[in-house]
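# Attaching a predicted model along with its sequence, questions to come.
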Amino acid sequence: MTDDTGAVETEEAVEVPKRSLPNNEVLKGLFEPFEDVSWGDSLGQDVARVPNERWLDFATAAKGAGFEVCVDVTVVDWMRSRPDRFEVVANLLSMQHRLRLRMSTTAPRLEPTVASLVPVWPGANFAEREAYDMFGIVFEGHPDLTRILMPDEWEGHPLRKDFGVGAVPVQFKESHKVS
Amino acid sequence: MSDDTKTLDVWVAGTEEPELTPTDEGAQEIAIDESGRRLDEQFGRVVEDDYVFDDEAEEDERMILNMGPQHPSTHGVLRLQIELEGEIIRRTKPIIGYLHTGMEKTGEQLNFSQGGTNVTRMDYLAPFHNELAYSLAVERLLGIDVPPRAAAIRVLLSELNRCSSHLVALATNGMDIGAISMMMYGFREREQILAFFEKTTGLRMNHNFIRPGGVAADLPPGWKDDVAAIIEEFPRRLDQYDDLLENNPIWVARTKGVGVLSAEEATGYGITGPTLRSTGVDWDIRKAFPYSGIEQYEFEVPLGEHGDVYDRYRIRVEEIKQSLSIVEQVMDTIPKGDFRVDDRKVTPPPRARIDESMEALIHHFKLFTEGYKVPAGETYVAVESPRGELGCYLVSDGGANPYRMHTRAPSFANLQALPIAMADSLMADTVATIASLDPVMGDVDR
């Protein structure tokens, strides 16, 4: 992280006029210290694009800013249409400010890894297990990263785009196999 | 005669009532404790979750018990691994996935207009809420607003659906603890609502009636009579439930102080819906982020205090009353007009137009073969389902199928509360706690 700081600062010096911040005071206060986190508006919803290595830092800051609930963690598989294949998305909710924030980060094609949000919000537990089960994203620091919906011995991760839809042979009787 | 002793004389009704003689039988243990606290605990008047943890208990004194996946009280194929120390549950692990049917993968194969048939089968007790979340998400990506009548019909159906879903929750919760008659009554009243749904949509469940762009059809003739009958009938029925449950000391003893969750635990674990409100957190998506014009109607958000099974039951009863009040307001104020948006690229043409217009025929054909294209983008829309926050995260790449369709299932997240609510409580309270969370396994596993 410290190695990058210099690079980020020089980049930021160029990008200062470009960086837009949300109008909302709470979100503005959350985004300002994070120069490498960009804010976006997606059909009226606030989105934070967070670099992979800042994922946990930003989550901790978001919880401090009043986002007390992590509603959901999920993944989008972009295959070859984006340089980093996986996009990890977490939906945050602040009950006290009546705000929602969607934070997203990227994970590479090979060995996709993201920091786990369970230390910040224990409620991310099941959602991250589902994301691991369905997409094979490894959440570092998760207390129990095992399959949750698929059988333990299942091979592959079904919601990846390269996991085909097809019939699984069902054996009704030993002598009669239907596929 | 002290309060701690029991009388065991057999008396046959119709004969002369004998004079009762006290015996000490059954009172050996409970009479020793003079504080009366142990007695209260045994009778369930006081149930606290802080049973003293026995540090000296060896590993082999604990027993792992597998409950399920087909226990009749577990509301579907839920399996629990319970670590027991005597009668006391120390740890619980819910094991799910037995009903997983890959609906999110299926959702990527179906186009946007077919998607409703898929999502409606997730939470099969509240299908309208699934359809509503999905339709709202598609509409936000399309950038269309539905006509006021369609929005009112959506509110009417989803609030009636909340009543029918809560009735199942009450019915099964009653049956799990032993109030079998509650099961009959709950399902009887639910049937009245489902009959109205069948008349309106053609199906009792899995309606696919709320669709992107509006609803599939207008309300049937005479719908006001049916709804008025429901509104008139239900308050009387709810009073009967109070007689059956509220005034039943066994019910109260088995629910009060059982399965307690604190507000911090509930928010930390992402618990929503009646379970969250039972801890006293005032959070209802209908109030915080209103959808489908629900802000026009007046209703209250019932809150609990202790976060126990009893509060969750009370909240469900009160929410039925509030939902009926919303339904009544919708009935009085429902606007006239179209029941789906007037956008030829989204809604199919009326049947009569197909016979006379070539363009209508082409549109009809294209809509039902290729589907309509939705602009690229991503959105997350949440509605307040009977179980909590039901969200739909929809990503479109500009094609006719969703690129990614993810459902944030309330039962799935609420199940995380189970190990906390059950920790250090009695084995006998397990089913009461599970039933009070009201998980629907179709929603959990998707």
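On my side now, so go ahead.
# so what pLDDT did the closest residue to residue A:141 other than its chain neighbours get?
Nearest residue to residue A:141, sequence neighbours excluded (CB to CB, 6 or more residues apart in numbering or on different chains): residue A:116, at 4.1 Å. C-beta: built from backbone N, CA, C; applies to glycine. For residue A:116, the model assigns a pLDDT of 91.
# and residue A:116, what is it in contact with?
Contacts for residue A:116 were tallied using CB atoms under 8 Å, 6 or more residues apart in numbering or on different chains; they are A:56, A:124, A:128, A:139, A:140, A:141, A:142, A:145.
# The helix or strand containing residue B:188 packs against which elements?
Here residue B:188 sits within helix B:180-201, counting by DSSP states H and E. Here helix B:180-201 touches helix B:148-177, helix B:223-241, going by 3 or more CB pairs under 8 Å, 6 or more residues apart in numbering or on different chains; DSSP states H and E.
# Could you give the average pLDDT over that helix?
The average pLDDT within helix B:180-201 is 89.
# Which secondary structure element comes immediately after that helix toward the C-terminus?
Sequence-wise, the next helix or strand downstream of helix B:180-201 (DSSP H and E) is strand B:210-211.
# Tell me the strands beside that following strand, with direction?
Paired neighbours of strand B:210-211 in the sheet (DSSP bridges): strand B:214-215 (antiparallel).
# Not counting sequence-adjacent ones, nearest residue to the residue of chain A found nearest chain B?
Chain B sits closest to residue A:123 of chain A, with a gap of 3.0 Å, by CB to the nearest CB. Nearest residue to residue A:123 in three dimensions, chain neighbours excluded: residue B:270, at 3.0 Å (CB to CB, 6+ apart).
# quick check, the one you found in a helix?
No: using DSSP: H, G, I helix; E, B strand; the rest coil, the secondary structure at residue B:270 is coil, not a helix.
# Show the pLDDT at it.
pLDDT for residue B:270: 88.
# Tell me which helix or strand residue B:395 sits in.
Secondary structure assignment for residue B:395, by DSSP H and E: strand B:388-396.
# Going by neighbour count, list what's buried in that strand.
For strand B:388-396, burial by neighbour count (16 or more other CB atoms under 10 Å in any protein chain shown) applies to B:388, B:389, B:390, B:391, B:392, B:393, B:394, B:395, B:396.
# Same question for the helix holding residue B:188: list its buried residues.
B:182-183, B:185-187, B:189-190, B:192-194, B:196-197, B:200-201.
# What count of nearby residues applies to whatever residue of the stretch 201-350 of chain B ends up closest to chain A?
Ranked by CB to the nearest CB, the top residue of the stretch 201-350 of chain B for proximity to chain A is residue B:270, at 3.0 Å. Residues near residue B:270, counting by other CB atoms under 10 Å in any protein chain shown, number 31.
# Does it touch residue A:120 like I think?
No: here residue B:270 lies out of contact with residue A:120, judged by CB atoms under 8 Å, at a distance of 11.8 Å.
# any common contacting residues for these two?
Residues touching both residue B:270 and residue A:120 (CB under 8 Å, 6+ apart) are residue A:70.
# Can you tell me, leaving aside adjacent residues, what's nearest to residue 142?
In the absence of a named chain, this looks at chain A. Residue A:142 sits nearest to residue A:116 (CB to CB, 6+ apart), 4.0 Å away.
# meant chain B, my bad for not saying
Distances taken as CB to CB, 6+ apart place residue B:374 nearest to residue B:142, at 5.8 Å, with adjacent residues excluded.
# same check, this time on residue A:136
Counting by CB to CB, 6+ apart, residue A:136 lies nearest to residue A:157, which is 4.0 Å off, once chain neighbours are set aside.
# one step back: could you list every helix and strand in contact with the strand holding residue B:395?
strand A:69-77, strand A:86-94, helix B:127-142, helix B:274-277, strand B:377-385, strand B:404-408, helix B:410-414.
# Can you classify the nearest residue to residue A:154 once chain neighbours are set aside by secondary structure?
Closest residue to residue A:154 apart from its sequence neighbours, by CB to CB, 6+ apart: residue A:147 at 6.6 Å. Here residue A:147 is recorded as coil under three-state DSSP.
# wait, residue A:147 sits on residue A:132?
Yes: taking CB under 8 Å as the definition, residue A:147 is a contact partner of residue A:132 at 7.4 Å.
# Describe which strands the strand or helix carrying residue A:139 pairs with in its sheet and in which direction.
If you go by DSSP H and E, residue A:139 is part of strand A:138-140. Using DSSP bridges, the strands paired with strand A:138-140 are strand A:113-115 (parallel).
# All set, thanks.
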